[in-house]
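# After the sequence you'll find the predicted model.
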Amino acid sequence: MSDSTAAGKHTLLLTLIMVGMVLGALVGGFSQTEIAIIALLGDLFLNALKMMIVPLIVSSIINGVTSMGDIRKLGKLGAVTAGYYITTTVLAVTIGIVAVNVIQPGAGVDAGAASAPSVGDYSFLDVVRGMIPSNLFSAMANGDILPLIFFALFFGVVMSTLGDRVKVLREAVDGVFLVSMTMVRIIIAAAPVGVFALVATRIGAAGGFDAFGRELSATGWYVVTVLAGLAVHSILILGTLAFFGSGKTPIRVMALLAEPLLLSFSTGSSSATLPVTMKSVQENLGVDQRVSSFVLPLGATVNMDGTALYEAVAAVFVAQCYGIELSFPTQLVIVLTATLAAIGAAGIPQAGLVTMVMVLQTAGLPVEGIGMILAVDWFLDRCRTTVNVWGDAVGTLVIQRILRFG
């Protein structure tokens, strides 16, 4: 598929999502009540997203780990790359948590706090204890995602040490990953209908156009919060790292990476942008091929700064809308889960929606709250994907500088 064809399809999907949002608002506004058949469509869309959590997250994490080869032979390159990814992702999530607590975009929004489920009282020991599942299949059935992530990481690390003896298994996992990504693409193709149903149901159940006005107001502050967090991380953190790695101003580095950054915004896919990113960092920034060929493909799978920041903001925003007070330990769980979820966010358009469900479930927050943010996700998806690609490219500069390649 040519780049122009892919861009055309993404533009069409974006347009249809916007149409679905407007139609949903109109239907919900005029009906002023919840319509059962429309609510059913919204439930089916949410269920389809939930259905993909286990296969997508597990296969994506295992694939990301095994793509590094035998981790015992990676040496400094593997260690520095892992350190860079973990550090920038944790910083991104922290910025998001601070921004959403300072701006309070969900404060005063009535999202049914009376019927909202209670949030578990987490402790650090509970988090650590829950990381290792006593029964993997029970964890899958119960939607316990943190132990699944631990298992996938452990499984991938061990698999990477066994070489050709598990070649068939690696191919099988890769096949599951490819099938899962294709299924997510198909589900996302139904996003216009899902957006329509969720917006119509939410506005109708809330009472019509007055509620729609409050929805727009709340969503507007949510968008501002996400964009502010992304801007701070991109300019302050990644911009500083870009200067450290290249000796050039962040604006100059961005200009040299204009092609992949624009492509990532237009497609909403870091994976689709990968070939262009590799070409740009090698030819425009002089990054050694040994660095770019390792850092960028891995980063397109496991390094999602923008996605992690967005999910942390969204989770706390949903809690604020439902009037749920989040303790510090619970927010620590969100930080941890959003960081780990970013590893499993496949580099395809709006796959962050799948991991967003995961973060909400892990924190004990109502998954239905995703309907409040889905209407604007098409735009935020492109913004956070651009930050993801920017972070990957900056990583090649930093890692090359530290290891003195070239």
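Cool, got the structure.
# Only C-alpha atoms from now on, for both contacts and neighbour counts.
OK.
# Beyond the one helix or strand in the chain whose mean pLDDT sits lowest, next helix or strand please.
The weakest-scoring helix or strand in the chain, judged by mean pLDDT, DSSP states H and E, is helix 124-131 (a mean of 63). As assigned by DSSP states H and E, the chain's next helix or strand after helix 124-131 is helix 136-142.
# In terms of secondary structure, what does that following helix contact?
Applying 3 or more CA pairs under 8 Å, 6 or more residues apart in numbering; DSSP states H and E, one finds that helix 136-142 contacts helix 145-160.
# Would you mind listing the buried residues in the next helix or strand after the helix it packs on?
Using DSSP H and E, the helix or strand that follows helix 145-160 in sequence is helix 167-189. If you call a residue buried by 16 or more other CA atoms under 10 Å, then helix 167-189 has these buried ones: 170, 173-174, 176-177, 180-181, 183-185, 187-188.
# Please convert those to CSV, extending it with pLDDT.
Shown next, in CSV, are those (pLDDT from 0 to 100):
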residue, pLDDT
R170, 88
V173, 90
D174, 87
V176, 89
F177, 82
S180, 81
M181, 76
M183, 84
V184, 75
R185, 75
I187, 81
I188, 75
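# pLDDT below threshold where in the stretch 51-200 of the chain?
Scanning the stretch 51-200 of the chain for pLDDT under 70 picks out 64, 68-75, 108-128, 143-145.
# make it 90
Judged by pLDDT under 90, the stretch 51-200 of the chain has its weakly predicted residues at 51-82, 85-86, 90, 104-167, 170, 174, 176-200.
# Any figure for the gap between G371 and I186?
19 Å (CA to CA, to the nearest Å).
# do K279 as well
Plainly put, K279 is 29 Å away from I186 if you go by CA to CA.
# and K279, how many neighbours does it have?
The tally of other residues near K279 (other CA atoms under 10 Å) stands at 18.
# Name the residues of the host helix or strand of it that are buried.
Under the criterion DSSP H and E, the helix or strand holding K279 is helix 270-283. Buried residues in helix 270-283, counted by 16+ other CA under 10 Å: 270-274, 276-282.
# do the same with stretch 284-300
For stretch 284-300, burial by neighbour count (16+ other CA under 10 Å) applies to 285, 287-289, 291-292, 294-300.
# Same check on stretch 254-263?
Quick answer for stretch 254-263 (16+ other CA under 10 Å): 254, 256-257, 260-261, 263.
# any idea which of those residues is the one closest to E311?
Closest approach between the buried residues of stretch 254-263 and E311, by CA to CA: L261, at 21.1 Å.
# Give me the distance between that closest one and T240.
Distance, L261 to T240, using CA to CA: 18 Å.
# again, but for L162
39 Å.
# between those two, which one's more packed in?
Neighbours were counted for L162 and for T240 using other CA under 10 Å; T240 has more, 16 against 12.
# which residues sit in contact with the more buried one?
For T240, the contact set (CA atoms under 8 Å, 6 or more residues apart in numbering) comprises P250.
# Spell out which helix or strand contains it, please.
helix 239-246.
# Downstream of that helix, the next helix or strand is which one?
Counting by DSSP H and E, the element after helix 239-246 in chain order, helix or strand, is helix 250-256.
# elements contacting that next one?
Where contact means 3+ CA pairs under 8 Å, 6+ apart, helix 250-256 is packed against helix 239-246.
# Find out how far the helix it packs on is from the centre of the chain, if you would.
Centroid separation between helix 239-246 and its chain, computed with CA atoms, centre = their mean, to the nearest Å, is 24 Å.
# got it, and stretch 173-189?
Distance, stretch centre to chain centre, for stretch 173-189: 16 Å (CA atoms, centre = their mean).
# Send me it as CSV with only the CA atoms.
The C-alpha coordinates for stretch 173-189 follow below in CSV (Å, rounded to 0.1, in the frame of the first residue of the first chain):
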residue,chain,number,x,y,z
VAL,A,173,4.1,-15.5,18.8
ASP,A,174,4.9,-13.2,15.8
GLY,A,175,1.9,-14.6,14.0
VAL,A,176,-0.4,-14.0,17.0
PHE,A,177,1.0,-10.4,17.2
LEU,A,178,0.3,-9.8,13.5
VAL,A,179,-3.2,-11.3,13.7
SER,A,180,-3.9,-9.2,16.8
MET,A,181,-2.8,-6.0,15.1
THR,A,182,-5.0,-6.8,12.1
MET,A,183,-8.0,-7.5,14.4
VAL,A,184,-7.4,-4.1,16.2
ARG,A,185,-7.3,-2.4,12.8
ILE,A,186,-10.6,-3.9,12.0
ILE,A,187,-12.1,-2.9,15.3
ILE,A,188,-10.7,0.6,14.9
ALA,A,189,-12.4,0.7,11.5
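# Nearest to L340 among the buried residues of helix 270-283?
Distance to L340, by CA to CA, is smallest for S270 among the buried residues of helix 270-283, at 17.8 Å.
# Go ahead and confirm that closest one touches V387.
No: using CA atoms under 8 Å, S270 is not in contact with V387, being 9.6 Å away.
# Among the buried residues of helix 167-189, which one sits closest to K76?
The shortest gap between K76 and any of those belongs to R170, at 24.5 Å (CA to CA).
# For that closest one, give me its contacts.
By CA under 8 Å, 6+ apart, the contact set of R170 is 63, 66, 159.
# which residues in the stretch 201-350 of the chain form helices?
For the stretch 201-350 of the chain, the helices defined by DSSP state H, counting those that start in this stretch cover 209-232, 239-246, 250-256, 258-267, 270-283, 289-302, 305-321, 328-344.
# so can I have JSON lines of these showing mean pLDDT and distance to S31?
As requested, these are exported to JSON lines (pLDDT from 0 to 100; distance: least, CA to CA, whole Å):
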{"stretch": "helix 209-232", "mean pLDDT": "79", "distance to S31": "10"}
{"stretch": "helix 239-246", "mean pLDDT": "94", "distance to S31": "48"}
{"stretch": "helix 250-256", "mean pLDDT": "92", "distance to S31": "48"}
{"stretch": "helix 258-267", "mean pLDDT": "79", "distance to S31": "35"}
{"stretch": "helix 270-283", "mean pLDDT": "80", "distance to S31": "40"}
{"stretch": "helix 289-302", "mean pLDDT": "77", "distance to S31": "43"}
{"stretch": "helix 305-321", "mean pLDDT": "88", "distance to S31": "23"}
{"stretch": "helix 328-344", "mean pLDDT": "76", "distance to S31": "36"}
